[in-house]
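take this sequence and fold it.
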Amino acid sequence: MQRSRATKILATLGPASSTEAVIESLARAGADVFRLNFSHGSHADHAARHAAVRAVEAKVGRPLGILIDLQGPKLRVGAFSNGKESLEQGQEFCFDCRNDAGDRTRVYLPHPEIFEALQPGHHLLVDDGKLRFKVLTVSDQAIKTEVLVSGVISDRKGVSVPEASLSIAALSKKDRDDLEFGLSLGVDWVALSFVQRAQDVIGARSLIKGRAAVMAKIEKPQAVENIASIIEVVDAIMVARGDLGVEMPPEDVPLVQKRLVRLSRDAGKPVVVATQMLESMISTPTPTRAEASDVATAVYDGADAVMLSAESASGAFPVDAVSMMARIIRRTEADPLQRQLMNAVAAQHSANPTDAIGAAIHTVSDVLPIGAAVTYTSSGATALRISRVRPRSPILSLTPNVEVARRLALAWGVSSRLSAGAHSIEDIVAIASEAAQVEGLCESGRPLVVAAGVPFGKPGSTNLMRIVWPSELDADSTDSAVSKTSTAGASS
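The predicted structure is shown next:
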């Protein structure tokens, strides 16, 4: 199932998409990576979906990535004696440490770290920003505020503190339990919610211990402020625009999105644009024109992937949503302007052989009608560095590690296949040529560009590039390579 597009699709699984039949339809419609949202559902639910994705992977014959999205620390108000209260603009309202039922004048706030961080003039947001409060005074027992927006506040609604950095653990006990469970399943990616600083990622990495790649969800202003150090320690980021739009002015979110995509691309780290991309398709079979433009904008910017949330998890048209997203991507990538805009911000190269070869492949793909850029990689690093320069040709990644193949399902332009170990340049050329033929990338006699490293199998040793013309391949070398490659699904 060779993709006719470079930008990937991340689809969330949920009540509308839990069966193997639906998941297969999503994969065939265009989903490359599946998200298990641990804010909802039981461990049994997620285990069943994980098993279904792996079964579908074997059927479709290509690696499928699985990402778990941890809930993150949740800040909530307490309960009210009447379940809810109506608040009026201009009235005073108090958040305090008294663990009893709230009323129209006060409510329990069981988070001492908020009391420590807030200052007069800061704002508190409740229920995804539907209610806004300006802080008047702060003590260790009470936060007195002025109601800025009238509305109804009810039991255990979420609280946001956009202007203060909280000294709160990045992973709650629930997150730690969910993390260990997800890693026991063998997931490929772990998404961390409400990251504020690089130390949040480093702490999670110490628990993950290399068993999965790490993605930081950028959904707080503090994360945007610390983005350079965060990108340095993660494997990918997600631009989580829903929460960003709550905690910062909506007019700032598009600028932040473009900046985060640019910084991630420059670092060679995959970047996912997420939240409300085809929101209307939760209940209707077609998106709005604005939503189609939203998806296209991410493609024009060169994002690695775009994500569906409720559209595929609980909506009425999950397969249609994936299919529509794939069609928007293909149509946008076919526009000559897309490559011009995507390349408007050129990646800065580091002074190392891998980046030199990546730059050369980008140039070669502009000059020659390349069928594919083929990487032989044990860690996936070579494929990611070539993906970073966004060559015109597809990128075919050959790896002996199924985990690497699945993680690369998120990367722009990369298709992965499992391959037996190579012991010589001739091995790599034969394996690459056979795999490219199976994937349909050698049509019309187009040459391949093969990148690898000597000594073979050593991560970070990419130092070889070779242009392989069809006339260089004889039948014997191609036949001998047939047994050396396979799809991830067939071998896992």
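
and Ala310, what's its pLDDT?
Looking at Ala310, its pLDDT stands at 96.

pretty sure it contacts Pro15?
No - checked against C-beta atoms under 8 Å, the pair Ala310 and Pro15 is beyond contact range at 10.3 Å. For glycine as for every other residue, the C-beta is placed from the backbone atoms N, C-alpha and C.

of those two, who's got more company?
Legend: neighbour count by other C-beta atoms under 10 Å for Ala310 and Pro15, higher for Ala310 (20 against 12).

residues contacting the more buried one?
Remark: with contacts taken as C-beta atoms under 8 Å, 6 or more residues apart in numbering, Ala310 is in contact with 12, 14, 279, 282.

so which residues of the stretch 201-350 of the chain form strands?
All strands of the stretch 201-350 of the chain, identified by DSSP state E, counting those that start in this stretch, fall at 213-218, 236-240, 271-274, 305-308.

buried ones in the helix ranked longest in the chain, by neighbour count?
Ordering each helix of the chain by length in residues (DSSP state H) puts helix 43-60 first. For helix 43-60, the neighbour count (16 or more other C-beta atoms under 10 Å) marks 45-46, 48-50, 52-54, 56-57 as buried.

so what strands line up beside the helix or strand that it is followed by?
Following helix 43-60 in sequence order, the next helix or strand is strand 65-69 (DSSP states H and E). According to DSSP bridges, strand 65-69 has the following sheet partners: strand 33-37 (parallel), strand 189-192 (parallel).

isn't Arg104 up against Glu85?
Yes - the pair Arg104 / Glu85 is scored as a contact, 4.7 Å apart, by C-beta under 8 Å.

and the two? which has more neighbours close in?
Glu85 (18 against 15).

who's Arg132 bridged to?
Leu125.

is it in contact with Thr145, as I believe?
No - between Arg132 and Thr145 there is no contact under C-beta under 8 Å: 9.3 Å.

between these two, which one's more packed in?
Thr145 (23 against 17).

got the contact list for that one?
92-95, 124, 133-136.

average pLDDT across stretch 208-215?
97.

hey, C-alpha coordinates of it in PDB?
Provided in PDB are the C-alpha atoms of stretch 208-215 (Å, rounded to 0.1, in the frame of the first residue of the first chain):
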ATOM      1  CA  ILE A 208      10.200   5.000  29.100                       C
ATOM      2  CA  LYS A 209      13.900   3.900  28.800                       C
ATOM      3  CA  GLY A 210      13.900   3.800  25.000                       C
ATOM      4  CA  ARG A 211      10.900   1.500  24.700                       C
ATOM      5  CA  ALA A 212       9.000   4.100  22.700                       C
ATOM      6  CA  ALA A 213       9.600   7.400  21.000                       C
ATOM      7  CA  VAL A 214       8.500  10.600  22.900                       C
ATOM      8  CA  MET A 215       6.200  13.300  21.600                       C
END
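
count of residues packed around Asp301?
20.

mind listing what it touches?
Contacts of Asp301 by C-beta under 8 Å, 6+ apart are 257-258, 261-262, 273, 341-342.

adding neighbour count and distance to Ala6, write the residues you listed out as TSV.
Shown next, in TSV, are those (neighbours: other C-beta atoms under 10 Å; distance: C-beta to C-beta, whole Å):
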residue	neighbour count	distance to Ala6
Gln257	21	19
Lys258	16	19
Val261	23	14
Arg262	16	17
Val273	25	14
Leu341	14	14
Met342	20	10
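
distance to Tyr376 added to these, as JSON lines?
As requested, those are arranged in JSON lines below (distance: C-beta to C-beta, whole Å):
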{"residue": "Gln257", "distance to Tyr376": "34"}
{"residue": "Lys258", "distance to Tyr376": "34"}
{"residue": "Val261", "distance to Tyr376": "29"}
{"residue": "Arg262", "distance to Tyr376": "30"}
{"residue": "Val273", "distance to Tyr376": "30"}
{"residue": "Leu341", "distance to Tyr376": "32"}
{"residue": "Met342", "distance to Tyr376": "26"}
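
let's have the residues you listed in CSV, adding pLDDT and distance to Ile329.
Shown next, in CSV, are the contacts of Asp301 (pLDDT from 0 to 100; distance: C-beta to C-beta, whole Å):
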residue, pLDDT, distance to Ile329
Gln257, 97, 17
Lys258, 96, 18
Val261, 97, 15
Arg262, 95, 19
Val273, 98, 12
Leu341, 93, 15
Met342, 93, 13
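
now, which of these sits nearest Arg289?
Among these, Val273 lies closest to Arg289 (C-beta to C-beta), at 18.1 Å.

still on that earlier bit, now do the shared contacts for Arg132 and Thr145.
Joint contacts of Arg132 and Thr145 (C-beta under 8 Å, 6+ apart) are Leu124.

ranges for the helices of the stretch 301-450 of the chain?
310-313, 318-333, 336-342, 353-367, 381-388, 402-407, 425-438 (DSSP state H, counting those that start in this stretch).

so which bits of the longest one are buried?
Which is helix 318-333. For helix 318-333, by 16+ other C-beta under 10 Å, it's 318-326, 328-330, 332-333.

my guess is Ser280 contacts Thr288. True?
Yes - contact criterion C-beta under 8 Å: Ser280 and Thr288 qualify, at 5.2 Å.

mind checking how far Arg466 is from Val135?
63 Å (C-beta to C-beta, to the nearest Å).

looking at the two, which is more packed in?
Ranked by neighbour count (other C-beta under 10 Å), Arg466 and Val135 place Val135 first, with 20 against 16.

the residue nearest to the more buried one when sequence neighbours are not counted: how many residues sit nearby?
Among residues not flanking Val135 along the chain, His122 sits closest, at 4.6 Å (C-beta to C-beta, 6 or more residues apart in numbering). Using other C-beta under 10 Å, His122 has 18 neighbouring residues.

ditto for Glu180
12.
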